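Engineer: Fold the following.
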Amino acid sequence: MVWAFRAHNDVLLSINIYAYSAFMYIRQRKGPFQRILQTIITRTEKVEKQKKLYRNVVQLLGNIVLQCQMKQIEKMKDFYDEFLRDPNPPGSVFAAKLPACMVTAYKSGKVLFQGNDAEKEAERWGNRSPAVNKPAVKTAGQKSAAKGTVPPGIAQMSVIGSDEVGTGDFFGPITVVAAYVKNENIPLLKELGVKDSKDLNDPKIIEIAKIIKDVIPYSLMTLKNEKYNQVQSSGMSQGKMKAILHNQAILNVLGKIGPEKPDAILVDQFVQASTYFQHLKGQKSIANENIYFSTKAEGIHLAVAAASILARYAFIQYIDKLSKAAGFTIPKGAGAQVDEAAAKLILKKGRDVLPAYVKLHFANTEKAIKLAAKKRK
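Structural biologist: From the prediction side, this is the model:
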């Protein structure tokens, strides 16, 4: 029996389904062929491995692969924080094992979803269905539906929205903003060009933020690098940090607008709702009335888009502050350019200043230290 295997980027597997079908047909029939086949299966290690493969073939054929940008992969990593596996598979950014799905994100930008809930989980990020015998691929740049349960007509309601910036950036803090947009202010925000901050360049974000910060009630929470590194080293996950910040920002806005209450609270989803509230156990006060979670929430209500812009504006300002302190322009993101910048910072001010500038647990730290050592030679 002929089997063909082909590995592609460690995530794709092609199987000769016709050979498999013939194999199963013979195996299920009684008679000499079945007895001979059973003898081979039970006596050879090679066929034992094939049996395992046969049992998993249907699942493998249901694999879904999304092509994503690294920022979205970092967001996925945060979302699946409590399910992360250690160590990561070779060439991967993270691997998360959910009850009915395995999610593996690779440095190539491909994200593999495997298991019974593969389609459900993939739709959170790409809204695709699996192919019959070929993994479905969709680029993250293509628009897809938001995932989450929200009230009908929420786009026209008075809503508190919250979003965060900086979680995937090596330099700089995490900034979280909750903002209240009343129904009557929606046309104005549209006219001002309010939309997801990822679709706006920095000058436009600054322009819009300077206007809307005097129009809508909002609360900014900034987790500076020193504090971030302190709580992270004590064992707190980034997901828990963000949950606490979101909750506090929402409570602050509720306090500002009281006794008025929003029709709903919408959080740009970064973890499962149950995990979000699990992270908040022990907090003195928790905002849990009419609160909803959805991915791509910036496209659901302008309150989240406004929060995204204000959070980005605060992050940009903080990066500018770090740049002045460093004496050179600090780049955003987590690519090779930040490794170079951090190495330059080490050479200029010493390694001890890093905790005030960067998120130390990022892999960029070690890369920067090695680069600085090379430059000293």
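Engineer: Below-threshold pLDDT in the stretch 101-250 of the chain: ranges please.
Structural biologist: 126-148 (pLDDT under 70).
Engineer: Spell out the residue ranges of the strands in it.
Structural biologist: In the stretch 101-250 of the chain, the strands defined using DSSP state E, counting those that start in this stretch lie at 101-106, 110-114, 159-165, 174-181, 218-223.
Engineer: And these: which comes nearest Val231?
Structural biologist: The minimum distance between Val231 and the strands of the stretch 101-250 of the chain falls on strand 218-223, with 8.2 Å, by C-beta to C-beta. Yep, even glycine has a C-beta here, placed from its N, CA and C like the rest.
Engineer: How far does that closest one sit from its chain's centre?
Structural biologist: 20 Å (C-alpha atoms, centre = their mean, to the nearest Å).
Engineer: buried set for that strand?
Structural biologist: 218-223 (16 or more other C-beta atoms under 10 Å).
Engineer: so who does Ala100 touch?
Structural biologist: 115-117 (C-beta atoms under 8 Å, 6 or more residues apart in numbering).
Engineer: Unless I misread the structure, Lys375 falls within a helix.
Structural biologist: Yes - counting by DSSP: H, G, I helix; E, B strand; the rest coil, Lys375 is found in a helix.
Engineer: Please work out how many residues are found near it.
Structural biologist: The burial count assigned to Lys375 is 12, neighbours taken as other C-beta atoms under 10 Å.
Engineer: now swap in Asp86 and tell me
Structural biologist: 6.
Engineer: ok so, going back, mind putting the strands of the stretch 101-250 of the chain into JSON lines with distance to Met70?
Structural biologist: Listed next are the strands of the stretch 101-250 of the chain as JSON lines, based on distance: least, C-beta to C-beta, whole Å:
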{"stretch": "strand 101-106", "distance to Met70": "9"}
{"stretch": "strand 110-114", "distance to Met70": "11"}
{"stretch": "strand 159-165", "distance to Met70": "15"}
{"stretch": "strand 174-181", "distance to Met70": "17"}
{"stretch": "strand 218-223", "distance to Met70": "22"}
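Engineer: And the ones you listed: which comes nearest Glu123?
Structural biologist: strand 110-114 (9.4 Å).
Engineer: Please, which helix or strand holds the closest residue in space to Gly168 that isn't next to it in sequence?
Structural biologist: Nearest residue to Gly168, sequence neighbours excluded (C-beta to C-beta, 6 or more residues apart in numbering): Glu74, at 3.5 Å. For Glu74, the host element (DSSP states H and E) is helix 70-79.
Engineer: can you list contacts of that helix?
Structural biologist: By C-beta under 8 Å, 6+ apart, helix 70-79 touches 68, 84, 93-94, 96, 103, 105, 109, 111, 124-125, 140, 167-168, 198, 238-239, 242, 269-272, 295, 333-335.
Engineer: now the angle between strand 101-106 and it, please.
Structural biologist: Helix 70-79 and strand 101-106 meet at an angle of 140 degrees, taking axes from the mean of the first three to the mean of the last three C-alpha atoms, to 10 degrees as the criterion.
Engineer: got the buried residues for helix 70-79?
Structural biologist: Within helix 70-79, judged by 16+ other C-beta under 10 Å, the buried ones are 70, 72-79.
Engineer: nearest to Ile319, of those?
Structural biologist: Glu74 (17.1 Å).
Engineer: hey, where'd the helices end up in the stretch 151-300 of the chain?
Structural biologist: Counting by DSSP state H, counting those that start in this stretch, the stretch 151-300 of the chain has helices at residues 186-192, 202-212, 225-233, 238-257, 273-279.
Engineer: Name the residues of the fourth one that are buried.
Structural biologist: Within helix 238-257, the residues that qualify as buried by neighbour count (16+ other C-beta under 10 Å) are 238-254.
Engineer: by contact count, what packs against that helix?
Structural biologist: helix 70-79, strand 159-165, strand 174-181, strand 218-223, helix 225-233, strand 264-268, helix 273-279 (3 or more C-beta pairs under 8 Å, 6 or more residues apart in numbering; DSSP states H and E).
Engineer: Let me know which of those is the nearest to Ala305.
Structural biologist: Across the helices and strands packed on helix 238-257 (criterion: C-beta to C-beta), the nearest stretch is strand 159-165, sitting at 7.4 Å.
Engineer: For that closest one, which outside residues touch it?
Structural biologist: So strand 159-165 is in contact with 174-181, 197, 242, 245-246, 249-250, 253-254, 262-268, 270, 297-298, 301-308, 311-312, 314-315, going by C-beta under 8 Å, 6+ apart.
Engineer: List the pairing partners of it within its sheet, with orientation.
Structural biologist: Looking at strand 159-165 with DSSP bridges, its partner strands are strand 174-181 (antiparallel), strand 264-268 (parallel).
Engineer: how does the chain divide into domains?
Structural biologist: 62-124, 157-318, 320-376 (automatic domain parsing).
Engineer: re earlier: of the contacts of Ala100, buried ones?
Structural biologist: Neighbour counting with 16+ other C-beta under 10 Å marks 115, 117 as buried within the contacts of Ala100.
Engineer: Please identify which of the contacts of Ala100 is nearest to Glu207.
Structural biologist: Asp117 (42.3 Å).
Engineer: Let me have the helices of the stretch 151-300 of the chain in a markdown table, adding distance to Thr365 as columns.
Structural biologist: Below are these laid out as a markdown table (distance: least, C-beta to C-beta, whole Å):
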| stretch | distance to Thr365 |
| --- | --- |
| helix 186-192 | 39 |
| helix 202-212 | 25 |
| helix 225-233 | 10 |
| helix 238-257 | 15 |
| helix 273-279 | 25 |
